[in-house]
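[1] pasting the structure only:
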């Protein structure tokens, strides 16, 4: 709660420091002084900043994030409209990332300085270094332009068209999954190497336990803590919206909503979106902390 209170203050202050008049931008060519004054009064922008903040915070605590200056819709409805697309992309991406990172990181750790280890290191470095927009454009050129296997972008709800939903999900999930998977691979490798070199693993090996049993029961479980941590961070990042990927693939997620709010100086939408991102990070960090106690009983003590 303390972190959320601090975030709300910082977000409100930074949003109002952004140059530009949201009411003037919303009116566009329909500008008239009477309409301008009426809209400023209706949105509360004619009040002092402290009064605006206290009013916004009081409404936010009751679940009312305000109304968009640009569309006139409630911020809650706009976020709820974009949330399914963001959840779909985030969980599909983290699944792709784990399918890449866990096997590659474990193989790399089991055979340090081998050909497999060097290939995994090079691939993870490429995945981290290559810009997401470039990777996305290449996939569109190959699988949409040349082969014609997948649509180039857009979003279809799962309930309306399961096949279309899956076809449009593949490329965005692969792009974001490769980047996240490249980061996670390095953590998996280093944590498994550290666990294999620990005293209790050497003791288990000295007792003559089978290598598979030593790795599964004594090394892998201890190596899970860093994996859970970095996976939680990556999932929180994905749930906050991957703006570049969403723009390239025309994916209607929360990242694109936040960007449009910045461009339109739509204060209520931007404040609501960033506050939601903060809540997501806090909740995922809490879940990660609770998972620690399930993985390592020493933490409970």
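    Everything's here; your move. Quantities reported herein were computed from a predicted structural model and do not represent experimental measurements. Numbering: from 1, shown residues only.

[2] Show me the helices in the stretch 51-200 of the chain, by range?
    In the stretch 51-200 of the chain, the helices defined using DSSP state H, counting those that start in this stretch lie at 75-110, 115-129, 132-139, 162-196, 199-206.

[3] can you list those helices in JSON lines and add mean pLDDT and distance to residue 268?
    All C-beta atoms are positioned from the backbone trio N, CA, C, and that covers glycine. Formatted as JSON lines, these follow (pLDDT from 0 to 100; distance: least, Cβ to Cβ, whole Å):
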{"stretch": "helix 75-110", "mean pLDDT": "88", "distance to residue 268": "5"}
{"stretch": "helix 115-129", "mean pLDDT": "87", "distance to residue 268": "36"}
{"stretch": "helix 132-139", "mean pLDDT": "89", "distance to residue 268": "29"}
{"stretch": "helix 162-196", "mean pLDDT": "87", "distance to residue 268": "28"}
{"stretch": "helix 199-206", "mean pLDDT": "73", "distance to residue 268": "54"}
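
[4] okay if I get those as TSV plus distance to residue 220 and mean neighbour count?
    As requested, the helices of the stretch 51-200 of the chain are exported to TSV (distance: least, Cβ to Cβ, whole Å; neighbours: other Cβ atoms under 10 Å):
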stretch	distance to residue 220	mean neighbour count
helix 75-110	8	20
helix 115-129	17	15
helix 132-139	31	16
helix 162-196	7	21
helix 199-206	10	13
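
[5] For these, give me a markdown table that also has distance to residue 248.
    Listed next are the helices of the stretch 51-200 of the chain as a markdown table, based on distance: least, Cβ to Cβ, whole Å:
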| stretch | distance to residue 248 |
| --- | --- |
| helix 75-110 | 12 |
| helix 115-129 | 17 |
| helix 132-139 | 4 |
| helix 162-196 | 8 |
| helix 199-206 | 44 |
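
[6] Of all the ones you listed, which one is nearest residue 280?
    Nearest to residue 280 among those is helix 75-110; the distance by Cβ to Cβ comes to 9.5 Å.

[7] quick revisit: and of the helices of the stretch 51-200 of the chain, who's closest to residue 264?
    helix 75-110 (12.1 Å).

[8] and residue 22, what pLDDT?
    Note on residue 22: pLDDT of 68.

[9] Just list the residues touching the closest residue to residue 95 other than its chain neighbours, thanks.
    Nearest residue to residue 95, sequence neighbours excluded (Cβ to Cβ, 6 or more residues apart in numbering): residue 177, at 7.2 Å. Counting by Cβ atoms under 8 Å, 6 or more residues apart in numbering, residue 177 makes contact with 92, 93, 94, 95, 96, 97, 99, 100.

[10] just to revisit the earlier point, looking at the helices of the stretch 51-200 of the chain, which is nearest to residue 279?
    From the helices of the stretch 51-200 of the chain, taking Cβ to Cβ, the stretch that ends up closest is helix 75-110, at 11.2 Å.

[11] Ignoring the adjacent residues along the chain, who's closest to residue 234?
    Closest to residue 234 by Cβ to Cβ, 6+ apart is residue 180, at 4.4 Å.

[12] OK, contacts around that neighbour?
    Residues counted as contacts of residue 180 (Cβ under 8 Å, 6+ apart) are 93, 94, 96, 97, 101, 234, 237, 238.

[13] List the contacts of the nearest residue to the fifth one once chain neighbours are set aside.
    With sequence-adjacent residues excluded and distances taken as Cβ to Cβ, 6+ apart, residue 101 is closest to residue 184, at 3.7 Å. Neighbour list for residue 184: 97, 98, 100, 101, 102, 105, 227, 230, 231, 234 [criterion: Cβ under 8 Å, 6+ apart].

[14] Please tell me how far the second one sits from residue 119.
    Counting by Cβ to Cβ, to the nearest Å, the separation of residue 98 from residue 119 is 19 Å.

[15] next one: residue 240
    Noted for residue 240: a distance of 32 Å to residue 119, by Cβ to Cβ.

[16] what residues go with each domain of this structure?
    Using automatic domain parsing, the domains assigned to the chain come out as 2-61, 81-300.
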